[in-house]
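Undergrad: quick one: sequence and predicted model below, then my questions.
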Amino acid sequence: MFEAKRMKEFDVTITETLKLTVSVEASSKEEAEQMVSDQWRAGDHVLDADNFVDVEFESNEGKEIVAERAPDNSIEVLMVEPGQYPQMKTIGSDLTSMQKAVDGYIQAIYPYDDPVALICGEEAKLEGKPLNRALRGEDGEIYDIVAGKFFVCGLGEEDFASLPKELQKKYEDKFRQPEAFLKMGSRIMAIPTGPAKASPKSKAAPAAER
């Protein structure tokens, strides 16, 4: 079972109570209430902050926020590979497909406030896979570097789901620039680089040589 944040959307109603007592002379309670009602409608009595006496907050039961999921149980994720620009890709939402996407056992981390997860290889650094992108704190300082391929996805009720469309550009921009890393004393610097060029494909051998 994957660890995923469960979110709900709530509607909260704020009710403020204002109170003003008005004294009038009338022959009955009903006549007095009608007189004050008419006066209020005419604008003779305007309640403001000085008449505030109470406030109440009431919410509904909330509804589950479900990230988009394709009918065939596949999900749309932002794939980020070392030395390459990020791309939106469709992968299976099952464990085997996710492991295949990162070339190993998966690890989920939640470095952002948005309802997203970053899925990377659990043993990518130990396996010596190339460093990919830096993770930075609010001060812009690097606190970790993701090695190997990873992807950013959304969070469903109990598992991972498609990256919401409204967040796709945000994370494409965040991981847009491929990075190289240089150790300077005790610090590691991230150096922006261009995308790596794909190796030319070798020509197929003649049929007689196969």
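TA: Sure thing, it's come through.
Undergrad: what residues of the longest helix along the chain count as buried?
TA: The helix spanning the most residues in the chain, taking DSSP state H as the definition, is helix 29-41. Neighbour-count burial for helix 29-41 flags V36 (criterion: 16 or more other CB atoms under 10 Å). C-beta here means a position set from N, CA and C on the backbone, and glycine is covered the same way.
Undergrad: sheet-wise, list the partners of the very next helix or strand once past it with their directions.
TA: As assigned by DSSP states H and E, the chain's next helix or strand after helix 29-41 is strand 52-59. Strand 52-59 has the following strand partners under DSSP bridges: strand 12-18 (antiparallel).
Undergrad: just the residues contacting the strand it pairs with, thanks.
TA: 47-48, 51-59 (CB atoms under 8 Å, 6 or more residues apart in numbering).
Undergrad: and the residues you listed, which two are furthest apart?
TA: For the contacts of strand 12-18, the farthest-apart pair by CB to CB is D48 and S59; their separation is 27.1 Å.
Undergrad: which residues in this protein form strands?
TA: 8-9, 12-18, 52-59, 63-64, 74-80, 87-92, 106-109, 116-121, 131-136, 142-147, 150-155, 160-161, 179-184, 187-192 (DSSP state E).
Undergrad: so for M98, which of the ones you listed sits nearest?
TA: It is, among those and with distance given as CB to CB, strand 106-109, at 5.2 Å.
Undergrad: so for the closest one, what gets flagged as buried?
TA: Quick answer for strand 106-109 (16+ other CB under 10 Å): 106-108.
Undergrad: hmm, who's touching the longest helix of the chain?
TA: 22, 24, 26, 45.
Undergrad: remind me which residues of the chain are low pLDDT?
TA: 1-7, 64-72, 196-210 (pLDDT under 70).
Undergrad: quick check, central residue of the protein?
TA: D114 (2.6 Å; CA atoms, centre = their mean).
Undergrad: that one reaches E166, doesn't it?
TA: No. Shown here, D114 and E166 do not form a contact pair, counting by CB atoms under 8 Å, at 9.6 Å.
Undergrad: sorry, back to before: and the contacts of strand 12-18 as a markdown table, adding distance to P130?
TA: Shown next, in a markdown table, are the contacts of strand 12-18 (distance: CB to CB, whole Å):
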| residue | distance to P130 |
| --- | --- |
| L47 | 68 |
| D48 | 66 |
| N51 | 68 |
| F52 | 62 |
| V53 | 66 |
| D54 | 62 |
| V55 | 57 |
| E56 | 57 |
| F57 | 52 |
| E58 | 54 |
| S59 | 48 |
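Undergrad: show me which of those residues is closest to D11.
TA: Nearest to D11 among the contacts of strand 12-18, with distances taken as CB to CB, is S59, at 6.4 Å.
Undergrad: for stretch 47-59, what is the distance to the chain centroid?
TA: Here stretch 47-59 is found 35 Å from its chain centre; the criterion is CA atoms, centre = their mean, to the nearest Å.
Undergrad: no wait, stretch 22-32
TA: That offset, for stretch 22-32, works out to 59 Å (CA atoms, centre = their mean).
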